[in-house]
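Participant: curious how this folds, go ahead:
(chains A and B)
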Amino acid sequence: AQKITQTQPGMFVQEKEAVTLDCTYDTSDPSYGLFWYKQPSSGEMIFLIYQGSYDQQNATEGRYSLNFQKARKSANLVISASQLGDSAMYFCAMREGSTGFQKLVFGTGTRLLVSP
Amino acid sequence: SAVISQKPSRDICQRGTSLTIQCQVDSQVTMMFWYRQQPGQSLTLIATANQGSEATYESGFVIDKFPISRPNLTFSTLTVSNMSPEDSSIYLCSVERGVRNTDTQYFGPGTRLTVL
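Facilitator: Residues are numbered from 1 along each chain as shown, chains lettered A, B, ... in the order given. Predicted structure coming up:
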């Protein structure tokens, strides 16, 4: 079974609008972390935001916020006031466990296109 | 965050040859990670490299095909051996840094490999 599911292969948004990128996850571990990365066409992976399973509040980083719904096992990324430079692939990832090294598992990604 | 550099940034190689990718980090880290991203796909962990010990490979990846060196705490290399067109991918190294009570993986800029 997929650990991380991103059901939107592509999303379109107009500049200055907000957009939500969906991510659902599957784990039985009570301790886990959820990450979002941005990958521009250059190929680098840029860390955007992190949400821990025990965090009481939704994570925010500038224009990025994470809509964390634990019961639904969803961790959607919200980008406010989209900019042309936000056009990229976006990957959701999960790490299970809280001790030692646990690898990141990535979703299949969502391609976001911001239009003027 | 972490400053990570990779060399080469891209290369075009002939089948049957080998390519060594270098990853340099701006400060000492315990573990370094190597990922592969095949065209249009998500990231898959190849192996984890600790300084002074053998790398730990994920299922589907073997040392003969992807030998890894970790001579010190700021440097690692990944070799893609006996290449075939199926090895055409972006190869990324990453390291973990503690940020806000969690370890976040930061990625290098990637090496875009094309095998003819």
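Participant: spatially central, which residue of chain B would that be?
Facilitator: Residue closest to the average C-alpha location in chain B (CA atoms, centre = their mean): B:W34, at 3.0 Å.
Participant: that one and B:S89 touch, don't they?
Facilitator: No. With contact defined as CB atoms under 8 Å, B:W34 does not reach B:S89; the gap is 11.2 Å. Heads up, the C-betas are built off the backbone N, CA and C, glycines and all.
Participant: just the buried residues of the lowest-mean-pLDDT helix or strand in chain B, please?
Facilitator: Within chain B, no helix or strand scores below strand B:102-107, which has a mean of 83 by mean pLDDT, DSSP states H and E. Of all the residues in strand B:102-107, those buried under the rule 16 or more other CB atoms under 10 Å in any protein chain shown are B:102, B:104-107.
Participant: give the buried residues for the helix or strand that contains B:R112.
Facilitator: For B:R112, the element it lies in under DSSP states H and E is strand B:111-115. Of the residues in strand B:111-115, B:111-113, B:115 count as buried by neighbour count, 16+ other CB under 10 Å.
Participant: could you do stretch A:84-103 as well?
Facilitator: For stretch A:84-103, by 16+ other CB under 10 Å, it's A:86-96, A:102-103.
Participant: out of the residues you listed, who's near chain B?
Facilitator: A:91, A:103 (CB under 8 Å from any CB of the partner chain).
Participant: adding pLDDT and secondary structure, write the buried residues of stretch A:84-103 out as CSV.
Facilitator: Listed next are those as CSV, based on pLDDT from 0 to 100; DSSP: H, G, I helix; E, B strand; the rest coil:
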residue, pLDDT, secondary structure
A:D86, 97, helix
A:S87, 97, coil
A:A88, 97, strand
A:M89, 97, strand
A:Y90, 98, strand
A:F91, 97, strand
A:C92, 97, strand
A:A93, 96, strand
A:M94, 93, strand
A:R95, 89, strand
A:E96, 81, strand
A:Q102, 71, coil
A:K103, 81, coil
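Participant: if we can go back for a sec, how far off strand A:88-96 does the least confident helix or strand of chain B point, in degrees?
Facilitator: 140 degrees (axes from the mean of the first three to the mean of the last three CA atoms, to 10 degrees).
Participant: which helices and strands does strand B:102-107 pack with?
Facilitator: On a contact count with 3 or more CB pairs under 8 Å, 6 or more residues apart in numbering or on different chains; DSSP states H and E, strand B:102-107 meets strand A:32-39, strand A:46-52, strand B:89-99.
Participant: do you know which of those lies nearest B:T48?
Facilitator: strand B:89-99 (10.0 Å; CB to CB).
Participant: mind listing what's buried along that closest one?
Facilitator: Neighbour-count burial for strand B:89-99 [16+ other CB under 10 Å]: B:89-97.
Participant: what residues does chain A put near chain B?
Facilitator: Within chain A, the positions near chain B by CB under 8 Å from any CB are A:33, A:35, A:37, A:42-47, A:50, A:52, A:91, A:101, A:103-104, A:106-109.
Participant: just the buried members of the residues you listed?
Facilitator: Neighbour counting by 16+ other CB under 10 Å classes A:33, A:35, A:37, A:43-45, A:47, A:50, A:52, A:91, A:103-104, A:106-109 among the residues of chain A next to chain B as buried.
Participant: which residues of chain B lie near chain A?
Facilitator: Looking at chain A, the residues of chain B close enough under CB under 8 Å from any CB are B:1, B:31, B:33, B:37, B:41-45, B:48, B:58, B:90, B:92, B:94, B:96, B:99-102, B:104-110, B:112.
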